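[1] can you look at this prediction? I've put the sequence above it.
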Amino acid sequence: MKSFSILTLIFGILSLVFLILLVFLRTPFPPYPLMSYQDVFDILTPLVLIPIYWLLFKYPGESSRAEEIFFMVLAAFWVSGQGMHLAANSISNLIAALAGSTVLDVTGTDLYNLTYFLDEILSHILWHIGVVGLAVLLIYREWRNPTGQRTLWWSAIAGGILYGFTLFSIFLEGQTIAVGIPFVYLVVLFTLIWGRNSLSQQPILAFFFISCLVAALLFTGWGVYWGGFPQFSEVGLI
């Protein structure tokens, strides 16, 4: 059965679209111009991705009550952080637009500081704890309950490359490399030491191994080139 390798590819594509590519839709939404198209479509992000997480979670078979509770808690972190980021980022973009047009400049005020904290710090921490936690839970579930389904390698590689770039981008721009870098390197090491002989029979592990390998290589190259880990926005790439 190859459906779960295909599902990881779909997950990689949709993660790239909703977590990265929506940033290019920062144009006013005509029915309510204070919002952008990015804000509107971002409302769909958890509604699209959390059900896919659930399908991947359930694929190895029956789950324990403890595993399901862990899933719900981690999904709550994910959704709470994403929702907070959606609202605070929308307000932050409006603040920047108003300041740029000299209509109203509140940068440097408590309003700006609170918005920045919610947008760039707290929301990212909560959200990315959910991202990492759910990935670890999915790997654990498949590792403990192998189904023997063969990995569809072209799908795992394509999805892994897309999701690896997504992980690299969200951890770097989200200022959560303290969470992201240990995660991607540990997944790579775990797979190379204990899981390399299981990759052909564990499509979820194969997907996350490729994703984390891509992200680890990108982090290594970025760190060497810049002598650190500046955000894309700090080096003028967005």
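    Received, thanks.
[2] how far away is residue 67 from residue 15?
    From residue 67 across to residue 15, the span is 22 Å (C-beta to C-beta, to the nearest Å). To be clear about C-beta, it is placed using only N, CA and C from the backbone, and glycine gets the same treatment.
[3] quick one: mean pLDDT for the top helix by length along the chain?
    Under DSSP state H, the helix in the chain containing the largest number of residues is helix 65-100. Mean pLDDT, taken over the full extent of helix 65-100, equals 91.
[4] residues of it that come out buried?
    Within helix 65-100, the residues scored as buried using 16 or more other C-beta atoms under 10 Å are 67, 70-71, 74-75, 77-86, 88-95.
[5] run the chain-centre distance for that helix.
    Here helix 65-100 is found 12 Å from its chain centre; the criterion is C-alpha atoms, centre = their mean, to the nearest Å.
[6] do stretch 179-191 as well
    The gap between where stretch 179-191 is centred and where its chain is centred comes out at 15 Å by C-alpha atoms, centre = their mean.
[7] what residues does it touch?
    Contacts with stretch 179-191, where a contact means C-beta atoms under 8 Å, 6 or more residues apart in numbering, come from 125, 128-129, 132, 135-136, 139, 167-168, 170-172, 199, 205, 208-209, 211-213, 215-216, 219.
[8] out of those residues, list just those in strands.
    Using DSSP state E, no member of these falls within strands.
[9] next, the distance between the ends of stretch 57-65.
    In stretch 57-65, first residue to last residue: 13 Å (C-alpha to C-alpha, to the nearest Å).
[10] hmm, who's touching that stretch?
    4, 7, 67, 71, 134, 137-138, 141-142, 144-147, 204.
[11] what's the answer for stretch 193-200, then?
    Residues lying outside stretch 193-200 but in contact with it, judged by C-beta under 8 Å, 6+ apart, are 143, 146, 150, 151, 191, 202, 205, 206, 209.
[12] list the contacts for the first one?
    Just to be clear, that refers to residue 143. Contact analysis of residue 143 by C-beta under 8 Å, 6+ apart lists 195, 198, 202, 205.
[13] where does it sit: helix, strand or coil?
    What DSSP: H, G, I helix; E, B strand; the rest coil gives for residue 143 is helix.
[14] of the contacts of stretch 179-191, which belong to helices?
    Using DSSP H, the members of these that fall within helices are 125, 128-129, 132, 135-136, 139, 167-168, 170-172, 205, 208-209, 211-213, 215-216, 219.
[15] in the helix or strand of the chain with the lowest mean pLDDT, what's buried?
    In the chain, no helix or strand scores lower on mean pLDDT, DSSP states H and E than helix 110-116, which sits at a mean of 88. For helix 110-116, the buried set under the neighbour-count rule, 16+ other C-beta under 10 Å, comprises 112, 115.
[16] and the contacts of stretch 193-200, which is closest to residue 112?
    Proximity of the contacts of stretch 193-200 to residue 112 (C-beta to C-beta) peaks at residue 209, which lies at 41.2 Å.
[17] my guess is that closest one meets residue 160, correct?
    Yes: contact between residue 209 and residue 160 holds when scored by C-beta atoms under 8 Å: they sit 7.3 Å apart.
[18] just for this protein, where's the confidence low?
    1-2, 102-103, 238 (pLDDT under 70).
[19] rerun at 90
    Applying pLDDT under 90 to the chain flags the ranges 1-5, 26, 33-34, 59-63, 89, 91-112, 115-116, 145-149, 196, 231-238.
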